[in-house]
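**Student:** Mind folding the following:
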Amino acid sequence: MNKIYSQILVDRILLLCRQRGISIYQLSLMSGVSHSTLDNFVNRKTFNPRIRTLHKIAIAFGMTLAEFLDFPELNSHSFDDEREDED
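**Tutor:** Down below sits the predicted model:
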């Protein structure tokens, strides 16, 4: 996963946390994803969360994975300009 795509997902998580008034720590408790895993992703120390992790996060937000991933910034992201070695 490239850094731009990863940042789009981080922004989505942070926005949903702000909208719901919860912290990353609270999200970790709600989702069952370790705080260190979420913290590393949000603070851009890792860039490639597993689909299982994203699924747990979506459920914590009361969403399906499809709903979690269905938003304008992600839908309009183009992979055409990316180099294959960035994945």
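**Student:** buried set for the longest helix seen in the chain?
**Tutor:** Taking DSSP state H as the criterion, the chain has its longest helix at helix 3-20. Counting neighbours by 16 or more other C-beta atoms under 10 Å, one finds that the buried residues in helix 3-20 are 5, 6, 8, 9, 10, 12, 13, 16, 17. In short, each C-beta sits where N, CA and C put it, glycine included.
**Student:** who does that helix touch, helix- and strand-wise?
**Tutor:** With contacts taken as 3 or more C-beta pairs under 8 Å, 6 or more residues apart in numbering; DSSP states H and E, helix 3-20 sits against helix 24-31, helix 35-42, helix 72-75.
**Student:** contacts for that helix?
**Tutor:** Outside helix 3-20, the residues that touch it by C-beta atoms under 8 Å, 6 or more residues apart in numbering are 23-24, 26-27, 38, 41-42, 44, 47-49, 54, 57, 61, 68, 71, 73-74, 77, 79, 82, 86.
**Student:** Selecting buried members of these in ChimeraX, what would you type?
**Tutor:** Of the contacts of helix 3-20, the buried ones go into a single ChimeraX selection, burial set by 16+ other C-beta under 10 Å:
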select :24,27,38,41,42,47,49,54,57,61,68
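**Student:** hey, C-alpha coordinates of stretch 64-71 in CSV?
**Tutor:** Taking C-alpha atoms only, stretch 64-71 is exported to CSV below (Å, rounded to 0.1, in the frame of the first residue of the first chain):
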residue,chain,number,x,y,z
THR,A,64,-19.4,-2.9,7.5
LEU,A,65,-16.0,-3.0,5.9
ALA,A,66,-17.7,-1.9,2.6
GLU,A,67,-19.2,1.2,4.4
PHE,A,68,-15.9,2.0,6.0
LEU,A,69,-14.1,2.0,2.7
ASP,A,70,-16.8,3.8,0.7
PHE,A,71,-16.0,7.5,0.9
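**Student:** from the buried residues of helix 3-20, which has minimum pLDDT?
**Tutor:** Within the buried residues of helix 3-20, the minimum per-residue pLDDT falls on residue 5 (85).
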